[in-house]
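A.B. asks: dropping the sequence and predicted coords here.
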Amino acid sequence: MGNKYKHIGKPYNRKEAKEKVTGQAVYTHDLGLPGMLYARCLHSPHARAKILSIDTSKAKALPGVKAVIIGEDAPYLVGLYMIDKRVIAYGETRYQGEVIAAVAAIDEETAERAVSLIDVEYEILPAVLTIDESEKGEILVHEDINELDHMKGIFFPQSDSNIASWNRAKKGDVNKGFEEADYIIKNEISLPPVAHAPIETHVSVAQADPYSNKIKLWSSVQSPFATRQMLASALGIPKSDVEIIVPYVGGGFGGKAGLHLELLVVLLSRAARGRPVKLRATREEEFNQLPSRTSMRGRIKTGVKKEGTITAVEVYYDWDSGAYADYAVNVGKTAVYSGVGCYAVDNLELHSRTFYTNKVFSTAYRGFGHLETHWVIERQMDLIAQEIGMDPYELRMKNILKPGSRTISGELMYESSGSPSDCLNAVIKEIGWTGYQSDKERQAQLKSGKVRGKGFASLQKAPAMPSYTSTAAILQMDEDGHVKVMIGAIDMGQGANTVLAQIAAEVLDIPIENVDVEWDVNTSKHPYDWNTVASKCTFMSGNAVKNAAENMLKQMKEIASHALRCHVNQLAHRDGYIYHVHHKHKYIPYEKFSRGYVYENGNGIGGPLISHGVYMADNLTNLTPDTGQGMPALVWTFGAHGVELEVDVETGDINILKVASAFDVGQVINKKLIDGQVLGGILQGIGSAILEGYKFNHEGKLLNPSFTDNKIPTIKDIPKEIVPIYIENPQTNGPFGARGVGEHPMISIPSAIGNALYDALGINFYELPLTPEKVALAIAKNKN
Amino acid sequence: MCENHNSNNNCFEYVDSGMPKVALKCIVNGEKIHAMVDPTMTLLNFLRNDLRLFGAKEGCGEGECGACTIIMNGEAVNSCLVLAAEANDADILTVEGLAEGNKISILQEEFIEKDALQCGFCTPGMLMSARALLNRQPNPTIEEVKEALAGNFCRCTGYIPIIDAVMSAAERERKELDK
């Protein structure tokens, strides 16, 4: 890195930090408007039931109640990829927790009282609760699946079934590959749904103009333009009639992408003749009404030669998306191009099927399918290594992607694509891996009551997005030379706005204090962005901001070439000045261009200094439906984790002593902020690995919809030591060579822990979470 | 004023049980407060609705997440579990009272410097738990910091920067005292 850059690589503090430590930062949670009403929802107590009747008369008669709406008042189907969800259940309810009715009243208490006065008569129906039951298809979660509109050619719902999409990848000759193998290793590896658990629950405030289609919405969302698209399509109104404003967002992690409470509040505001309505999910609703991460069962079969070369993979990734497909079908689709991890596999048959069941539906979650598939892939790598008696590191290195390899979708890897082996080597070194312990060594440790083990796992992820995804940035210079940056992506704490300010400051060569990315993104005022998901912001918005800043420089140089009477080629910039490269006394400070340059005699040229930059994903294609071949990945970020842990043999408690994590990020833009992503992501990964997971009873009722019963990591659950390692093989088309890394730190954490558990105990685990109970039982069983 | 209430609180998450109001006298961030409150109203709602102090947040409403933490008579408490009426005669400090005049406190500075926050939603509660700890233990061990902050959830940072911030604030505050 050295002194190549003035701002890139500097550990600046996040720009909005002061507002956040003083309590000044305003979240949607804090918003109030004159005359605002408060909403509450009634939820289905049954996983699957016919709604025979709803009597809202008592609720409507309660003083202070301004609107009560039920399914028949809301004949709108929504969905991103499968248009399959009624905003309020109508005729039938498909999961316990689904909204049956919504009330807006003068305060939350009254709304809650009104909800309790709504009488619903249900006819309980048998529910589809497992992937096996769903696969049988005896009961259809969506009887109208054949008629459901969907994104055609990308997702493939299967007629008369519970399969919302069946995506495939096929490469080489899988039968031949298995014939060439010395070993064939089959395993089933799975994980449950987990909650995003942002500390700010979903919350929206809507004001629907009763005299037009116009809607104004304040919402805790991470993808306002996608929300606007879905809202406008559902209501059949122009997108320009919908204005979405995003105050500070109290955590998203994928759960605040798409459309959640927004349509519901809009309908309540319409029903209340345009009064603003606020709907804030309770913590229970966050678990039970709003979507979770998709659960998944992977069945993987790998053919491998004695010396470790993988000859074939056949895998079924079966995703349980719950009652609605939401982002889950797209989560499933990522397996088609990333479903064997960062390894070269020439013979492949991969099926990724997303099933409907009668459980709370699921959506995007940090990592978007990759924590899930990597739990399968990276456990399988260790299981293969054990079976063939090879070191798991050697096995990985034998098959790892390198320049010249092709991914399973046929994409060619270059030097500038990043290096998974650099990452793996770095963590192997950091944890001091020397191979699995012998049984004898394990037995010796067991006697002390505490056993230690080491494990590691690789990871990769590229943004999962349409091939034509785009974003934009607008820059405006104030009279004092400060630059305002407008983008449509949301900084929900990941630090994007600080990173983007650094990029603009670097290009323009001005102090970081002179650049501000404007908060409170407003879809009517800020330029378009697709979604703030997929670790794409540094890369895509970074490129857009860089282009915009370069355009601003170009404009200044053009004007300066007139003012300084020279060719543009003779001009350079530094420290906020445009100057002549040779006659250095001829210079103009930036601020003189801000409103247009003015000559001494009063003549003006130029005009207010505004520039824009765009970035559109290039070279991406749709995948061929039968084989999954094509170009789905804008930019891969590779990584690896190494873990050292200690297990209490008596209690099954896992104490994580060390996590070493390496990512090939191309170029660190802000060391402090990237550390934040890595430390936070690792702990979220630990949550998925050893703590979190939904539990349902035999009727499909969620048993743990609270922080009491569904723990997320606390400060006491942190590892003793975390060592972040950044590898910098630049991405030639990234801003200053950078790649995204927001999601990656949590991917493969469960696999690395699972692998370390094997090293410690000699026991293989196939199902998350690795709770003390599960570990202790396995140890006891192993003894017998 | 909201048409449905005889108060000037704009219906803001207003709680009205219909029970007779009770008198509440307390000090909030050094300011004397006299109010009549609904006996069922939580302290969190009183701070947010009546005093318009929005720093304390509600993350769960059941004392699990700690986003509503404030300091009451020197103790960090979940204000969602305390009734406003219980705060009678209490001395209350919220995140809005942490700064000294227009200068933010050392603890706040260290949260910024160590990047001990991301989305920022848990930050006010986190700061108050840390403040209460440093008030009673100016020289805490890492274990004591963990113990004091164990009731404050953060989904973003992984907590390590928070521990760093509290430890370094403690050190700076001790140096200030020695001056």
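C.D. replies: That came through fine.

A.B. asks: which non-adjacent residue is nearest the residue of chain B found nearest chain A?
C.D. replies: Residue of chain B nearest chain A, by Cβ to the nearest Cβ: residue B:55 (2.6 Å). Yep, even glycine has a C-beta here, placed from its N, CA and C like the rest. Excluding its sequence neighbours, the residue lying closest to residue B:55 (Cβ to Cβ, 6 or more residues apart in numbering or on different chains) is residue A:23, at 2.6 Å.

A.B. asks: looks like that neighbour contacts residue B:121 (just checking).
C.D. replies: No: counting by Cβ atoms under 8 Å, residue A:23 does not reach residue B:121; the two are 11.2 Å apart.

A.B. asks: more neighbours: these two, which one.
C.D. replies: residue B:121 (32 against 23; other Cβ atoms under 10 Å in any protein chain shown).

A.B. asks: list the residues that contact that one.
C.D. replies: Shown in contact with residue B:121 (Cβ atoms under 8 Å, 6 or more residues apart in numbering or on different chains): A:27, A:29, A:198, A:199, A:200, A:248, A:250, A:251, B:57, B:59, B:67.

A.B. asks: could you give the number of residues near residue 113?
C.D. replies: With no chain named, the answer covers chain A. 17.

A.B. asks: switch to chain B, please.
C.D. replies: The number of residues packed near residue B:113 is 18, by other Cβ under 10 Å.

A.B. asks: is it true that it touches residue B:165?
C.D. replies: Yes: at 7.2 Å, residue B:113 and residue B:165 qualify as touching, with contact defined as Cβ under 8 Å.

A.B. asks: if we can go back for a sec, among the contacts of residue B:121, which one has the most neighbours?
C.D. replies: Counting neighbours by other Cβ under 10 Å, residue A:250 comes out on top of these with 31 neighbours.

A.B. asks: can you tell me how far it sits from residue A:338?
C.D. replies: Distance of residue A:250 to residue A:338, computed by Cβ to Cβ, to the nearest Å: 30 Å.

A.B. asks: residues in contact with the residue of chain A found nearest chain B?
C.D. replies: At 2.6 Å from chain B, residue A:23 is the closest residue in chain A, using Cβ to the nearest Cβ. Contact analysis of residue A:23 by Cβ under 8 Å, 6+ apart lists B:53, B:54, B:55, B:56, B:94, B:95, B:96, B:124.

A.B. asks: residue A:239 too?
C.D. replies: Neighbours of residue A:239 in contact, by Cβ under 8 Å, 6+ apart: A:228, A:229, A:232.

A.B. asks: my guess is the last one contacts residue A:241. True?
C.D. replies: Yes: taking contact to mean Cβ under 8 Å, the distance of 7.0 Å between residue A:232 and residue A:241 places them in contact.

A.B. asks: what is the neighbour count of the closest residue to residue B:46 other than its chain neighbours?
C.D. replies: Excluding the flanking residues, the one nearest residue B:46 by Cβ to Cβ, 6+ apart is residue B:84, at 3.7 Å. Counted with other Cβ under 10 Å, the neighbours of residue B:84 add up to 26.

A.B. asks: buried ones in stretch B:142-155?
C.D. replies: Buried residues in stretch B:142-155, counting neighbours by 16 or more other Cβ atoms under 10 Å in any protein chain shown, are found at B:145, B:146, B:148, B:149, B:151, B:152, B:153, B:154, B:155.

A.B. asks: neighbours around residue A:574, how many?
C.D. replies: Neighbour tally, residue A:574, other Cβ under 10 Å: 10.

A.B. asks: pLDDT weak spots in chain B?
C.D. replies: For chain B, the stretches flagged by pLDDT under 70 are B:1-15.

A.B. asks: domain-wise, how is it divided?
C.D. replies: Residue ranges for the domains of chain B, per automatic domain parsing: B:22-96, B:106-178.

A.B. asks: just the helices in the stretch 51-200 of chain A please.
C.D. replies: Taking DSSP state H, counting those that start in this stretch, the helices of the stretch 51-200 of chain A run over residues A:57-61, A:108-116, A:131-136, A:174-180.

A.B. asks: any chance of those in TSV, plus mean pLDDT and distance to residue A:670?
C.D. replies: Shown next, in TSV, are those (pLDDT from 0 to 100; distance: least, Cβ to Cβ, whole Å):
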stretch	mean pLDDT	distance to residue A:670
helix A:57-61	98	51
helix A:108-116	96	40
helix A:131-136	98	42
helix A:174-180	98	44
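
A.B. asks: for the most centrally placed residue in chain B, give me its contacts.
C.D. replies: In chain B, the C-alpha nearest the mean C-alpha coordinate belongs to residue B:70, at 2.5 Å (Cα atoms, centre = their mean). Residue B:70 makes contact with B:43, B:47, B:56, B:76, B:77, B:79, B:92, B:93, B:94, B:95, B:128, according to Cβ under 8 Å, 6+ apart.

A.B. asks: who does the helix ranked longest in chain B touch, helix- and strand-wise?
C.D. replies: Longest helix in chain B, counting residues (DSSP state H): helix B:160-178. Using 3 or more Cβ pairs under 8 Å, 6 or more residues apart in numbering or on different chains; DSSP states H and E, the elements in contact with helix B:160-178 are helix A:671-686, helix B:106-113, helix B:123-136, helix B:142-149.

A.B. asks: out of the ones you listed, which is closest to residue A:517?
C.D. replies: helix A:671-686 (13.3 Å; Cβ to Cβ).

A.B. asks: so for the closest one, mean pLDDT?
C.D. replies: Averaging pLDDT along helix A:671-686 yields 98.

A.B. asks: what's the next helix or strand after it packed up against?
C.D. replies: Counting by DSSP states H and E, the next helix or strand C-terminal to helix A:671-686 is strand A:721-727. When contacts are defined as 3+ Cβ pairs under 8 Å, 6+ apart, strand A:721-727 packs onto helix A:420-431, strand A:654-664, helix A:671-686.

A.B. asks: what about the residue nearest to residue A:508 when sequence neighbours are not counted, which helix or strand?
C.D. replies: Once flanking residues are discounted, residue A:508 sits nearest to residue A:549: 5.2 Å by Cβ to Cβ, 6+ apart. Using DSSP H and E, residue A:549 sits within helix A:542-563.

A.B. asks: residue B:108 touches residue B:130, doesn't it?
C.D. replies: No: here residue B:108 does not reach residue B:130: they are 10.0 Å apart, not a contact under Cβ under 8 Å.

A.B. asks: more crowded one of those two?
C.D. replies: Neighbour count, other Cβ under 10 Å: between residue B:108 and residue B:130, residue B:130 has more, with 28 against 25.

A.B. asks: check contacts around the more buried one.
C.D. replies: Residue B:130 neighbours (Cβ under 8 Å, 6+ apart): B:107, B:145, B:148, B:149, B:162, B:165, B:166, B:169.

A.B. asks: measure it to residue A:21 for me?
C.D. replies: Separation of residue B:130 from residue A:21 (Cβ to Cβ) stands at 11 Å.

A.B. asks: quick one: average confidence on stretch A:726-742?
C.D. replies: Per-residue pLDDT over stretch A:726-742 has a mean of 98.

A.B. asks: what residues does the stretch 551-700 of chain A put near chain B?
C.D. replies: Taking Cβ under 8 Å from any Cβ of the partner chain as the criterion, the neighbours of chain B within the stretch 551-700 of chain A are A:672, A:673, A:675, A:676, A:679, A:680, A:681, A:682, A:683, A:684.
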